[in-house]
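A.B. asks: Sequence isn't available, so here's the structure alone:
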């Protein structure tokens, strides 16, 4: 079965950098989109970034464009989210997700993903 395990979340100061990892297992992900979402208390889960495993095409939310970078390591079956210039508003639980590449899906919605990790907390203090 598909398993996604996030790691790397912790408490940091504004302006710091952090790298989240998502170790994926259970199948070959070449036909998948891998996404990072986040959810702050009292808010809906929102897309942060996604990457097409095969080809490496990426998408970033406007709020993180230029500060965050998503990447994947095929050999390690791991997806990363490098977060620079962190802001207090980046505080949230960050989730890794996997969705089968399907025509017509935008992969901006949590509904487009069938597999989820347990989440990792990122807290940014001012």
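C.D. replies: That came through fine. In this text, all values refer to a predicted model and were calculated from it rather than measured experimentally. Residues are numbered from 1 along each chain as shown.
A.B. asks: Now do the host helix or strand of residue 50: which elements does it pack against?
C.D. replies: In this structure, residue 50 sits in strand 46-52 according to DSSP states H and E. Here strand 46-52 touches strand 32-39, strand 58-60, strand 68-73, strand 78-83, going by 3 or more C-beta pairs under 8 Å, 6 or more residues apart in numbering; DSSP states H and E. (Glycine included, C-beta is placed from N, CA and C.)
A.B. asks: how near is the most centrally placed residue in the chain to residue 65?
C.D. replies: Geometric centre of the chain, nearest residue: residue 36, 1.7 Å, by C-alpha atoms, centre = their mean. Counting by C-beta to C-beta, to the nearest Å, the gap from residue 36 to residue 65 is 13 Å.
A.B. asks: about what we covered before: switch the helices and strands packed on strand 46-52 over to TSV; also include mean pLDDT and distance to residue 97.
C.D. replies: TSV is the format used below for the helices and strands packed on strand 46-52 (pLDDT from 0 to 100; distance: least, C-beta to C-beta, whole Å):
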stretch	mean pLDDT	distance to residue 97
strand 32-39	97	5
strand 58-60	98	13
strand 68-73	96	12
strand 78-83	98	10
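A.B. asks: Next, format the ones you listed as a markdown table and append distance to residue 102.
C.D. replies: As requested, those are exported to a markdown table (distance: least, C-beta to C-beta, whole Å):
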| stretch | distance to residue 102 |
| --- | --- |
| strand 32-39 | 9 |
| strand 58-60 | 15 |
| strand 68-73 | 19 |
| strand 78-83 | 19 |
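A.B. asks: Between those, which one is closest to residue 19.
C.D. replies: Set against residue 19 and scored by C-beta to C-beta, the helices and strands packed on strand 46-52 come closest in strand 78-83, at 5.0 Å.
A.B. asks: ends of stretch 84-98, how far apart?
C.D. replies: Taking C-alpha to C-alpha, to the nearest Å, stretch 84-98 runs 23 Å from one end to the other.
A.B. asks: Show me which parts of it are buried, residue by residue.
C.D. replies: By neighbour count on 16 or more other C-beta atoms under 10 Å, the buried set for stretch 84-98 is 86, 90-98.
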